[in-house]
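> predicted model follows, preceded by the sequence.
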Amino acid sequence: MGRHRTALVDPGARLGTGVEVGPFAVVEAETAIGDGCELGAHSVVKRYTWMGARNRVHEGAILGGEPQDLGFGGGPSRLEIGDDNRIREGVTIHRATAPGGVTRVGSGCFLMAYSHVAHEDVIGDHVILANNVALAGHVRIDERAFLSGGVVVHQFCRVGRLAMVGGNTKVIKDCLPFVITDGVPARARGLNVVGLRRAGFTASQLRTLKEAYRLLLRSGLPLAEALEKLEALGDPLADELGAFARDSKRGFHRSSREIDLA
């Protein structure tokens, strides 16, 4: 298809080899779109957006819009998107608020219809956001996390690597890596066993993570003591879980059976 005759591409935009721009799509100045990208009909790529190769942007998506932040005073900030992402209909991804700041989306992600990524968010590689997921500003979603339809995430929250968040969950604290978080109020419900197996985790690794989950969320131990016991397991996955919990500034969603001990 190449560039459709009705598309509006500013001369100040840089388009790589083999980029396809659909009917009535808009590409503003001061943008860069990598080789082999496809921009669907009525999609919009706003200024200060940088995109890697082979991204497929579906109809009506808007990339790089100004942040929905009362503190935004204009000026240059960026949106950076990696390679091989699928960005479905009506998705919105906003550039950062702070001058020189960046909103980042990694590579190999799948952002389903009408999901929203806000200013200064950082999305890791191979993340899936299902339909109507809404991320507030300064959210971090780590590699291979899966957020089901209708999930809403409060500003400054983190979702750990290979975590799964159930549909319509209200996330107001951090979601632990390797764990399913679900409900309103959100609670840790168990390990994301299916996702971990699909990622190639062995039976031995799953046993270790089950013990780490038990110590952190089901033992009733104070957090400091539970973290010491995680460290004593001497396992890198347990260490990753413990480090995430230790570094949490907002606190993390705990088990429905767990007393929230400091």
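Thanks, I have the structure now. Numbering: from 1, shown residues only.
> so where is this protein shaky, pLDDT-wise?
1, 256-262 (pLDDT under 70).
> let me see the domain layout of it.
8-141, 196-247 (automatic domain parsing).
> okay if I get these as a markdown table plus distance to Thr181 and mean neighbour count?
No exception for glycine: its C-beta is placed from N, CA and C like everyone else's. What follows is these, written out as a markdown table (distance: least, C-beta to C-beta, whole Å; neighbours: other C-beta atoms under 10 Å):
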| stretch | distance to Thr181 | mean neighbour count |
| --- | --- | --- |
| domain 8-141 | 12 | 20 |
| domain 196-247 | 11 | 16 |
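> using CSV, lay out the ones you listed together with distance to Val165.
Shown next, in CSV, are the domains of the chain (distance: least, C-beta to C-beta, whole Å):
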stretch, distance to Val165
domain 8-141, 9
domain 196-247, 15
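> right, and those - which one's nearest Val159?
Val159 sits nearest to domain 8-141 of all the domains of the chain, at 4.8 Å, using C-beta to C-beta.
> could you tell me the end-to-end distance of that closest one?
33 Å (C-alpha to C-alpha, to the nearest Å).
> circling back: out of the domains of the chain, the one nearest Ile180 is which?
domain 196-247 (10.4 Å).
> let me know the secondary structure of Gly195.
Here Gly195 is recorded as helix under DSSP: H, G, I helix; E, B strand; the rest coil.
> whoops, Glu228 was the one
Under three-state DSSP, Glu228 comes out as helix.
> and the contacts of stretch 60-74?
28, 31, 40-49, 51, 57, 77, 79, 81, 87-97, 118-120, 137 (C-beta atoms under 8 Å, 6 or more residues apart in numbering).
> ok, now with 7 Å
42-49, 57, 79, 87, 89-97, 118-119, 137 (C-beta atoms under 7 Å, 6 or more residues apart in numbering).
> quick one: closest of the domains of the chain to Val184.
domain 8-141 (14.3 Å).
> any figure for the gap between Arg95 and Gln68?
11 Å (C-beta to C-beta, to the nearest Å).
> Gly242 too?
Distance from Gly242 to Gln68, by C-beta to C-beta: 35 Å.
> before we move on, what about Arg78?
Taking C-beta to C-beta, one finds Arg78 at 17 Å from Gln68.
> now do the helices in the protein.
Taking DSSP state H to define them, one finds helices in the chain at 193-198, 203-213, 223-232, 236-247.
> what sits against Glu120?
Applying C-beta under 7 Å, 6+ apart, the residues contacting Glu120 are 96-97, 101, 103, 137-138.
> need the distance between the two termini of stretch 88-107.
Across stretch 88-107, first to last residue, C-alpha to C-alpha, it's 15 Å.
> ok, stretch 105-118 next?
11 Å.
> next one: stretch 23-41
5 Å.
> which residues sit against it?
With C-beta under 7 Å, 6+ apart, stretch 23-41 has contacts from 4, 6-10, 12-22, 42-59, 83.
> sitting in strands, which of those residues do you find?
8-9, 14-15, 20-21, 44-45, 49-51, 56-57 (DSSP state E).
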